[in-house]
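Visitor: what would the 3D arrangement of this be:
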Amino acid sequence: MAVKKRIVIVGGVAGGASTAARLRRLSEETEIVMLERGEYISFANCGLPYHVGGQIKERQRLLVQTPEGMGRRFAIDIRTRSEVTRIDRDQQEVTVRDHAEDKEYQLAYDALVLSPGAEPVRPGLPGADSSCVFTLRSIPDMDKIEEAIAQDDCASAVVVGGGYIGLEMAEALVEKKLKVSLVELEPQVMGTVDPEMASPLHDELERHGVDLHLGASVTEIAEQGGSTTVLLSDGQRLEADLVIMAVGVRPEIALAQQAGLKIGQRGGIVVDEHMQTSDPHIYAVGDAVEVTDFTGGFPAVIPLAGPANRQGRIAADSISGRVSRYAKTQGTAICKVFDLAVATTGMNEKALKRQQMAYDKIYVHPACHAGYYPGASQLSLKLLFDPKSGAILGAQCVGANGVDKRIDVLAVAMRAGMTVFDLQHLELCYAPPFGSAKDPVNYAGFVAANFITGDMPICHVQDVVERRDDQCGIDVRTLGEVRKGTIPGALHIPVDELRDRLDEIPKEKELLVFCQVGLRGYLACRILNQRGFNARNLTGGYKTYCATAGCASAEPALSAEMKSDTGEQNPTSNKTS
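Guide: Next up, the predicted model:
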């Protein structure tokens, strides 16, 4: 008779719970023990801010599985309030501290799975341990924040950190009618996207009353006389009734370090493609592990629920003798910021520069669906690609509607090894309420392919800002648009008048052409280059210029309904004044 295998899983939620469920589906004979130091083994931690904000009304909806329910359905020995304090690799056993019974015991394993997750970073600054300072990782954390908000005298909050949790909590606290300040050390929120793509988020936050403090850090949290003051590095003082620390997370690796498992250069547990650690009997999954970046091939720590779930499944397969491999991490993610969404996949421009990888970029700003159908709003889509092969390196999108659809398509295209040339031929859903006959993803492919083939030489904002003496800027928008703002020093000739006014254009200079979003600029460049001029089009047009150069845009962050992909203020009119 075969000896029964015992698999011990440390930690639940996405990685641990997925491992346990998959193990049971593969074998009814295996003994599975799940050890969780808290009371909750499987909860929607990504939903915590939305319960605080009131969008998810019932707290119970956050509990994906209860210990009792999962234990019954999958025949798993689930032990909550049980903390693993030590791993003995030689004896293949763990030391467990049972907090409910206040006792300690050893538990042997044939295979061990570590799913400890990541812990919030709590900066070591004066006052960081104050009773009014909170982090958000678990349901008990959420409960404490809700208790603080419920106090009659709770009227203001400071959120420290402008990443996913910081932005979601800022919105949640605004929904609770608190006066909210957000402090971010970097000059932008949402560091996973590039600065110009974060610019609309700044407008949106301020539009909803969030007091933004970018490029500043918290130096002290001072409590005195029942009030709390948050001191910033730029000398400002913010009054707050509660403070949310959301400056990031780091892999929780103390147990792995104690056991002598290999830790990577990014601070995560090193695993192979089968999720096996440096010990052949120990596996690790989720936010605590170091993964390989799909695009760049370098080690990375990317704490996302989707990858954690897939890693749990692969660890279970590997333990069960199946050949299963983790296919790297793209970092595909999305965040809601009031009425906007921001999403990303692959590498951003900042990361490409750090890795010294060859790339170029284009921007498009089309409508989310057919402009003639009511409710069309503008998307801003940035595509990063290899300038020779056209391989897709990354993409970012911001807008009110349809953001997730476009980034999901591009994420799949990347995974499939498609190039920008392939994007031109994607056949995507079209009906006026949902999209356009030429989808924004197709548009991005057209623009990038035109650049690579030489049909549309492009320039970037830095080129027009640092224009040389042998270059001339040309604004081809209408006079009404130009009056609302233009790039200094540019010659103004509307695209519809261009053929009749070629004699006004200096032929000896390189022409840097721009319109509102890039489409009319492209048409102008096609005219000029076939007439003997040397013209390049500003990709993304004046809209991208405003976002990049930091100048005030003529339009609010959540723009009015679009009627055309040209970005014209009044596309039904041909007048220039």
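
Visitor: CA atoms for contacts and neighbours, from now on please.
Guide: OK.

Visitor: can you count the residues close to I314?
Guide: 26 (other CA atoms under 10 Å).

Visitor: pretty sure it contacts S324?
Guide: Yes: using CA atoms under 8 Å, I314 makes contact with S324 at a distance of 5.6 Å.

Visitor: mind listing the shared neighbours of these two?
Guide: H274 (CA atoms under 8 Å, 6 or more residues apart in numbering).

Visitor: for the stretch 1-150 of the chain, just list every one of the strands.
Guide: 6-10, 31-36, 42-43, 63-65, 77-80, 82-88, 93-98, 103-108, 111-114, 118-120, 133-134 (DSSP state E, counting those that start in this stretch).

Visitor: of all these, which one is nearest F421?
Guide: strand 118-120 (39.1 Å; CA to CA).

Visitor: list the residues that contact the most centrally placed residue in the chain.
Guide: Per CA atoms, centre = their mean, the C-alpha nearest to the average position across the chain is that of A333, at 4.4 Å. By CA under 8 Å, 6+ apart, the contact list for A333 reads L304, A343, T344, T345.

Visitor: tell me the most packed of those residues, by neighbour count.
Guide: Counting by other CA under 10 Å, top hit in the contacts of A333: T344 with 29 neighbours.

Visitor: and the gap between the residue nearest to the centre of the chain and R354?
Guide: Separation of A333 from R354 (CA to CA, to the nearest Å) stands at 21 Å.

Visitor: may I have the phi/psi pair for A395?
Guide: phi -150, psi 150 (degrees, to the nearest 10).

Visitor: show me what it is bridged to.
Guide: With DSSP bridges as the criterion, A395 is bridged to T345, L383.

Visitor: please verify my assumption that it contacts D408.
Guide: No: look at A395 against D408 with CA under 8 Å: they stay out of range, at 10.1 Å.

Visitor: which one's more surrounded, those two?
Guide: A count of neighbours by other CA under 10 Å puts A395 above the other of A395 and D408, at 27 against 17.

Visitor: contacts only, for P494.
Guide: D475, V476, R477, T478, L479, T576.

Visitor: what about the nearest residue in space to it that is not next to it in sequence, neighbour count?
Guide: Closest residue to P494 in three dimensions, ignoring its sequence neighbours and counting by CA to CA, 6 or more residues apart in numbering: V476, at 4.1 Å. Close neighbours of V476, defined as other CA under 10 Å, add up to 25.

Visitor: now do V476, the pLDDT please.
Guide: Per-residue pLDDT puts V476 at 97.

Visitor: and the gap between it and Y522?
Guide: Distance from V476 to Y522, by CA to CA: 10 Å.

Visitor: identify the residues contacting D143.
Guide: By CA under 8 Å, 6+ apart, D143 has no neighbours at all.

Visitor: got the phi/psi numbers for M275?
Guide: phi 70, psi 20.

Visitor: poorly predicted segments of the chain, please.
Guide: Within the chain, the segments meeting pLDDT under 70 span 1-3, 552-563, 568-577.

Visitor: what about the nearest residue to C154 once chain neighbours are set aside, distance to T219?
Guide: Spatially, and ignoring its direct neighbours in sequence, C154 is nearest to D241 (5.4 Å; CA to CA, 6+ apart). Separation of D241 from T219 (CA to CA) stands at 17 Å.

Visitor: more neighbours: which of those two?
Guide: D241 (21 against 18).

Visitor: what residues are up against the more buried one?
Guide: Contacts of D241 (CA under 8 Å, 6+ apart): C132, D153, C154, A155, S156, A157, S227, T228.

Visitor: of those residues, closest to A284?
Guide: Nearest member of these to A284, counting by CA to CA, is C132, at 34.4 Å.

Visitor: quick check: chain neighbours aside, which residue is closest to the closest one?
Guide: Closest to C132 by CA to CA, 6+ apart is L242, at 4.9 Å.

Visitor: narrow the contacts of P494 to those that are buried.
Guide: Buried members of those, counted by 16 or more other CA atoms under 10 Å: D475, V476, R477, T478.

Visitor: I'd like the residues you listed laid out as JSON lines, including distance to D211.
Guide: Shown next, in JSON lines, are the buried ones among the contacts of P494 (distance: CA to CA, whole Å):
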{"residue": "D475", "distance to D211": "35"}
{"residue": "V476", "distance to D211": "37"}
{"residue": "R477", "distance to D211": "34"}
{"residue": "T478", "distance to D211": "35"}
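
Visitor: among these, which lie within strands?
Guide: With strands taken from DSSP state E, the overlap with these comprises D475.

Visitor: tell me which of the buried ones among the contacts of P494 is nearest to L381?
Guide: So of the buried ones among the contacts of P494, ranked by how close each gets to L381 (CA to CA), first place is R477, at 21.0 Å.

Visitor: I'd assumed C515 was in contact with the closest one.
Guide: Yes: at 5.2 Å, R477 and C515 qualify as touching, with contact defined as CA under 8 Å.

Visitor: buried residues in stretch 205-225?
Guide: L205, V210, D211, L212, H213, L214, A216, S217, V218, T219, E220, I221.
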